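**Q** I would like to see how this sequence folds:
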Amino acid sequence: MFNNQFIQEEEVGSTNNAISKGTTLRGKVETSGSIRIDGEIIGDVNTQAKIVLGDSSRVEGNIWAKNADIGGIVEGKVEVGETLILKPNCKIQGDIVTNTLIVESGAKFSGQCDIGGNSKQIKLKEPEKKVFDKGITEDTKYKSKLGA
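**A** I've put the predicted structure just below:
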């Protein structure tokens with residue numbers, strides 16, 4: 001009745017994550033997919049894809065991403081491998097390293113900015129995989145539940 005040929009492994013960066021307004025998260029956030037934050041994060045954020053910070057967002061920590069649209073408040077270093085867009089309500093207190101920077105009218109930041117130079121050397125951190133007993137990683141545990 002059911003055929004496993006329809007179950008496909010998701011590609012890196014194809015998942016979407018969200019932290020809603022009114023939510024506060026303390027700790028490090030790591031994802032291989034895109035993430036949208038409208039709430040508050042106290043800790044570092046690392047994504048292999050794109051991060052979008054809405055106008056109501058606040059991050060107290062460093063950000064590493066492939067691409068970023070920032071409309072909220074960031075207190076920490078922002079390192080983006082490709083394009084960083086600072087939206088009108090954006091307020092960054094910390095250094096910026098990116099390959100391409102787009103600053104919309106009204107955006108504010110306080111810190112040093114390195115565009116194009118060191119940004120080519122930004123190495124996005126690989127998300128840590130949880131290791132379960134007998135060397136089974138989180139990925140293989142998930143796949144085994146699907147019968148893959």
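**Q** pLDDT score for residue 146?
**A** Per-residue pLDDT puts residue 146 at 48.
**Q** buried set for the strand or helix carrying residue 102?
**A** Secondary structure from DSSP states H and E places residue 102 in strand 96-103. For strand 96-103, burial by neighbour count (16 or more other CB atoms under 10 Å) applies to 96-99, 101. The C-beta positions use only the backbone N, C-alpha and C, and glycine is treated the same way.
**Q** list the strands paired with that strand, with their directions.
**A** If you go by DSSP bridges, strand 96-103 pairs up with strand 78-86 (parallel), strand 113-115 (parallel).
**Q** let's have those in a markdown table, adding mean neighbour count, distance to residue 25 and mean pLDDT.
**A** As requested, the strands paired with strand 96-103 are exported to a markdown table (neighbours: other CB atoms under 10 Å; distance: least, CB to CB, whole Å; pLDDT from 0 to 100):
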| stretch | mean neighbour count | distance to residue 25 | mean pLDDT |
| --- | --- | --- | --- |
| strand 78-86 | 22 | 18 | 95 |
| strand 113-115 | 14 | 27 | 92 |
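**Q** residues contacting stretch 84-97, please?
**A** Contacts to stretch 84-97, defined as CB atoms under 8 Å, 6 or more residues apart in numbering, come from residues 53, 55, 62, 67-80, 98, 100-115, 118-119, 122.
**Q** turn the buried residues of strand 96-103 into JSON lines, columns for pLDDT and distance to residue 42.
**A** What follows is these, written out as JSON lines (pLDDT from 0 to 100; distance: CB to CB, whole Å):
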{"residue": "96", "pLDDT": "95", "distance to residue 42": "20"}
{"residue": "97", "pLDDT": "95", "distance to residue 42": "22"}
{"residue": "98", "pLDDT": "94", "distance to residue 42": "23"}
{"residue": "99", "pLDDT": "94", "distance to residue 42": "28"}
{"residue": "101", "pLDDT": "95", "distance to residue 42": "26"}
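**Q** great, nothing more from me.
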